[in-house]
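>>> here is my input; please provide its structure:
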Amino acid sequence: MTATFQRPDIIRPPSEWRSYYLPLTAGCSNNTCTFCNFYGLKLQVRDKTEVKAEVDALASFINSGIITGGQPRIVYALAQEWDGQQIFLQDGDALVYPFDDLKEILAYINEKLPHVERIAAYGTAHDVLRLSVSQLEELRKLKLGILYIGLESGDDEALKRIDKRMTAAEIIKAAKRIKEAGILSSVTIILGLGGPEGSRRHVAATAKALTEMDPDYVGALTLSVIPGTPLYNDVKEGKFKLITPMESVKELLAIIRQTSFTKCFFSSMHASNYFSVRGTLPQDKDRMIKELEKVIASNDPALLRPEYLRGL
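Numbering: from 1, shown residues only. Prediction:
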């Protein structure tokens, strides 16, 4: 464990906006993705005694209004806004935490904060695949209710270009394992990751992968290049071209058209996107397609989110 753990900034899925953010790690073990703000950051793993101390402080504050010394101010700032129902385990790779220690922490949360309904975390495909279905089921019984996993693209060529160090087949296998364990899955895809030349292949492969995964949720983002990352430098040097805003809408439309789900809430509400659409598939598929077709037919940039309002 790292002796000088640095509490990470809050980076979380949009749907976790009401959660309490409890750090188990900082950074990500898969720190090679060339588009990601975790690129090159060394993974830090927080000592479980420190995690438990924060849970104790949170429980004391929630139950009795007591402020415990030694805890950062952010603990109480978060606690004051928290509805007491959900906890998100930070950071970008909390599922990498040693399994027995993770079980111990989840059990401790259940003991000290029994009103918590659901615990969530990011997890890479590698994290998921090193655990058996029975181990994942153990975590589910301790209220780990949803895992957020990045597919990014179903196209192995695109994944290799961004140095994801996972294949689409591995990520699909991980998503199926999550589902078999009875844990909800939320899958992230990135529009534009194939660039203009690889757009059609990226779209077709991503739709195919999503269909195989059959997740409970899909979150579509649009590629945003982050200063300091290799992909940002590639764009500046002309080695990688970004798709246009309207092309991102066309990719979104094509993916929705080509996917087939049992029941999936599909959303492009993330601030990186140029146009937002959401609904439950397949029920809302026709309505979502019509919304996107209307925007594309208009070819009106005024209907799209302006660049200055896009964010991560």
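>>> only C-alpha atoms for contact and neighbour calcs from this point on.
Will do.
>>> show me what the spatially most central residue of the chain is bridged to.
Centroid-nearest residue in the chain: Tyr148, 4.5 Å away (criterion: Cα atoms, centre = their mean). Listed by DSSP bridges, the beta-bridge partners for Tyr148 are Tyr122, Ser186.
>>> ok, it to Ala53 distance?
According to Cα to Cα, to the nearest Å, Tyr148 stands 26 Å off from Ala53.
>>> tell me which residues in the top helix by length along the chain are buried?
Ranked by residue count under DSSP state H, the longest helix found in the chain is helix 48-64. Within helix 48-64, the residues scored as buried using 16 or more other Cα atoms under 10 Å are Lys48, Val51, Lys52, Glu54, Val55, Asp56, Ala57, Leu58, Ala59, Ser60, Phe61, Ile62.
>>> off-centre distance for it?
26 Å (Cα atoms, centre = their mean, to the nearest Å).
>>> what helices and strands are in contact with the helix or strand just after that helix?
Counting by DSSP states H and E, the next helix or strand C-terminal to helix 48-64 is helix 73-81. Helix 73-81 sits against strand 20-23, helix 48-64, with contacts defined as 3 or more Cα pairs under 8 Å, 6 or more residues apart in numbering; DSSP states H and E.
>>> will you turn those into a markdown table that also has mean pLDDT and distance to Glu307?
A markdown table is the format used below for the helices and strands packed on helix 73-81 (pLDDT from 0 to 100; distance: least, Cα to Cα, whole Å):
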| stretch | mean pLDDT | distance to Glu307 |
| --- | --- | --- |
| strand 20-23 | 95 | 29 |
| helix 48-64 | 94 | 39 |
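>>> who wins for proximity to Gly192 among those?
Closest to Gly192 of the helices and strands packed on helix 73-81 is strand 20-23 (Cα to Cα; 29.9 Å).
>>> which strands and helices sit next to the next helix or strand after the closest one?
Next helix or strand after strand 20-23 toward the C-terminus (DSSP H and E): strand 25-26. Counting contacts by 3+ Cα pairs under 8 Å, 6+ apart, strand 25-26 packs against strand 44-45.
>>> tell me the mean pLDDT for stretch 134-153?
In this model, stretch 134-153 carries a mean pLDDT of 97.
>>> so what touches that stretch?
Applying Cα atoms under 8 Å, 6 or more residues apart in numbering, the contact partners of stretch 134-153 are 13, 103, 106-107, 110, 117-125, 159, 168, 171, 175, 178, 181-190, 193, 202-203, 205-206.
>>> which parts of this protein are helices?
48-64, 73-81, 99-112, 125-129, 133-141, 156-161, 168-180, 199-213, 230-236, 245-258, 285-298.
>>> report the angle between the longest one and helix 99-112.
Relative orientation of helix 48-64 and helix 99-112, computed by axes from the mean of the first three to the mean of the last three Cα atoms, to 10 degrees: 10 degrees.
>>> what do you get for the fifth one?
Regarding helix 133-141 and helix 99-112, their directions subtend 20 degrees when assessed with the same axes, to 10 degrees.
>>> all set, thanks.
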